[in-house]
Each structure stands twice: as C-alpha cells, then as structure tokens.
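Undergrad: Following is a predicted model, sequence given first.
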Amino acid sequence: MIQEAGVIAGFTGAGISTESGIPDFRSPTGIWAQYDPMEYATIEAFENDPEKVWSFYSLRYGALTEAEPIDAHLALAELERRGLVSAVITQNIDLLHDRAGSTDVIEVHGSIRECVCLSCGTRYGMDEVLRMLEENGVPRCTCGSVLKPGVVMFGELLPPDAMLRAELLCREAPLLLVVGSSLQVWPVAGLPNETLSAGGAMAIVNLDETPYDAHAAIIVRDGSGPTLAAVAGALA
C-alpha cells in the first residue's frame with residue numbers, strides 16, 4: 001500500500017510512546033488512573049494553583065526527557081528520508097519523533113519543547129526549564145509568574161496552525177498510517193475523516209480497537225516498534 005501510494009502521512013498517538021516506557025493516559029494503569037485530570041491537566045487548574053499542576057508535570061518532564069525513541073520512531077524517520085512519508089502528525093508531547101530524526105513533525109497537542117509565561121509572553125526552552133525544576137521545583141519567569149508547560153491543557157484550543165496543516169495533510173494523503181492511537185481524543189480524532197472523505201485509505205497499527213477499524217484498509221494488532229521496523233525493512 002505504501003509503494004502504491006508513493007508518499008503517505010503518519011499519525012501517531014500514545015501507544016508508540018508507551019513502548020519507550022512513557023505511560024499512557026487512559027488505560028486502567030494510565031496516568032489518569034493516578035491523577036484526576038480536572039485537578040492537574042486543565043487550564044483552570046493551572047490558573048488556580050500552578051504549583052500543584054507542576055507537582056504533576058515535573059515528574060513527567062523527568063520521564064519524558066529520559067525516554068528514548070523506539071524502532072517505530074526510527075522507522076518513520078527513515079521512511080521520511082526515503083521520501084515515503086511526507087510528515088508525521090503526533091498527539092504526543094515527548095519530542096521522540098524529533099530525536100529519532102523526523103524533520104517534519106506536526107505537534108497538535110503541543111510539546112515539552114518550551115514553556116511560556118502567561119503574564120508577559122516570554123518563552124523558555126526545555127533545558128532551562130529542567131534547570132529551574134532541579135533548582136526550585138517550580139519554573140518561574142523573570143517577571144515572577146509560574147511558567148505554563150507548552151502542552152495543550154483541557155479547556156485550551158489546539159494550536160490553529162498545526163491543526164490547519166494536519167487537516168490539509170490528511171486531506172491530501174493517499175494513505176494515512178495511524179500508529180498507536182486510540183482515535184478517541186477529539187478534535188484530533190476527526191483527522192482521519194479528512195483522508196477518508198477525500199478518497200484516501202487508512203492503515204492502523206494499534207494493540208486495541210479504534211472507532212475507525214471498520215473503515216481501515218488494513219489493521220495490525222501488534223506493537224508499533226516491530227511492525228514499523230518490518231515495514232521499513234521490506235521497503236528498503
């Protein structure tokens with residue numbers, strides 16, 4: 001299917017990162033089983049008690065920066081280098097696609113790349129934020145305000161430029177390769193409809209069922225690492 005399509009679009013979710021040791025959110029053992037998202041992951045929670053929110057995010061930053069890309073990240077980067085993948089849309093915030101070598105990554109839920117001060121707009125890179133976390137526990141701007149993580153929290157709009165590009169990419173893709181996403185988190189879960197409505201096909205690599213399974217041309221119920229490594233090898 002990839003050979004016939006020529007150039008495809010990638011779409012990744014939490015499942016690709018769990019293989020790197022990063023917990024997912026919604027499974028019975030996921031993050032939201034331990035932390036109430038209404039207390040730690042909404043913009044209202046951050047505005048009301050940013051220090052409490054950072055008690056959650058500081059733990060995540062450490063885990064995310066220690067994680068390493070798996071074969072699936074590396075395979076998508078390799079397929080991009082070969083001209084077979086145009087770009088990767090990701091719901092993940094962990095920068096693992098970048099570290100694997102992908103150069104065109106559309107982060108529809110933001111990332112840990114930087115933090116921003118909601119008071120004065122100053123932005124701080126990840127290395128500086130990590131230093132602040134190590135020294136003070138809570139990263140603060142020079143103006144004194146607590147920095148907000150650069151991830152999209154519940155109650156916030158998704159980055160419009162990223163979403164617009166993701167919609168266009170899906171609309172133009174002859175094949176959308178969905179890897180490790182439950183396709184249940186909206187509005188991003190609506191992106192595959194752009195591909196299907198335009199006459200494109202969808203392939204899903206995911207351990208669990210998704211709402212789009214009936215519309216997929218092929219479904220692989222296996223880990224994303226071994227599956228995509230095999231695909232890249234077959235296309236070599």
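TA: Thanks, I have the structure now. Numbering: from 1, shown residues only.

Undergrad: got a list of contacts for the lengthiest helix in the chain?
TA: Secondary structure of the chain read by DSSP state H shows that its longest helix is helix 50-66. The contact list for helix 50-66 (Cβ atoms under 8 Å, 6 or more residues apart in numbering) reads 21-23, 35, 39-41, 45-46, 93-95, 112, 126, 129-130, 133, 137-139, 146, 148-149. From N, CA and C alone the C-beta is placed, and that goes for glycine too.

Undergrad: Any chance you could spot the residue sitting in the middle of this structure?
TA: residue 92 (1.5 Å; Cα atoms, centre = their mean).

Undergrad: That one and residue 234, how far apart?
TA: Separation of residue 92 from residue 234 (Cβ to Cβ, to the nearest Å): 25 Å.

Undergrad: just residue 228 next, same as before
TA: Taken as Cβ to Cβ, the span from residue 228 to residue 234 is 10 Å.

Undergrad: what about residue 108, how many residues close to it?
TA: Each residue near residue 108 was counted by other Cβ atoms under 10 Å, and the total is 22.

Undergrad: again with the one 4 residues further on
TA: By the measure other Cβ under 10 Å, the count of residues near residue 112 is 21.

Undergrad: quick one, strands of this protein?
TA: 8-12, 85-90, 105-107, 110-116, 123-125, 148-151, 175-179, 201-205, 218-220 (DSSP state E).

Undergrad: now these as TSV including mean pLDDT?
TA: Listed next are the strands of the chain as TSV, based on pLDDT from 0 to 100:
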stretch	mean pLDDT
strand 8-12	98
strand 85-90	98
strand 105-107	98
strand 110-116	95
strand 123-125	97
strand 148-151	95
strand 175-179	98
strand 201-205	98
strand 218-220	97
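
Undergrad: Kindly compare burial across the ones you listed and name the winner.
TA: Across those, averaging neighbours per residue (mean count of other Cβ atoms under 10 Å) puts strand 8-12 on top, at a mean of 27.

Undergrad: Which neighbouring elements make contact with that strand?
TA: Applying 3 or more Cβ pairs under 8 Å, 6 or more residues apart in numbering; DSSP states H and E, we find strand 8-12 packed against helix 71-81, strand 85-90, helix 160-172, strand 175-179, helix 191-197.

Undergrad: Now do the first one against strand 8-12: the angle between them, please.
TA: So the one you mean is helix 71-81. Helix 71-81 runs at 160 degrees relative to strand 8-12, counting by axes from the mean of the first three to the mean of the last three Cα atoms, to 10 degrees.
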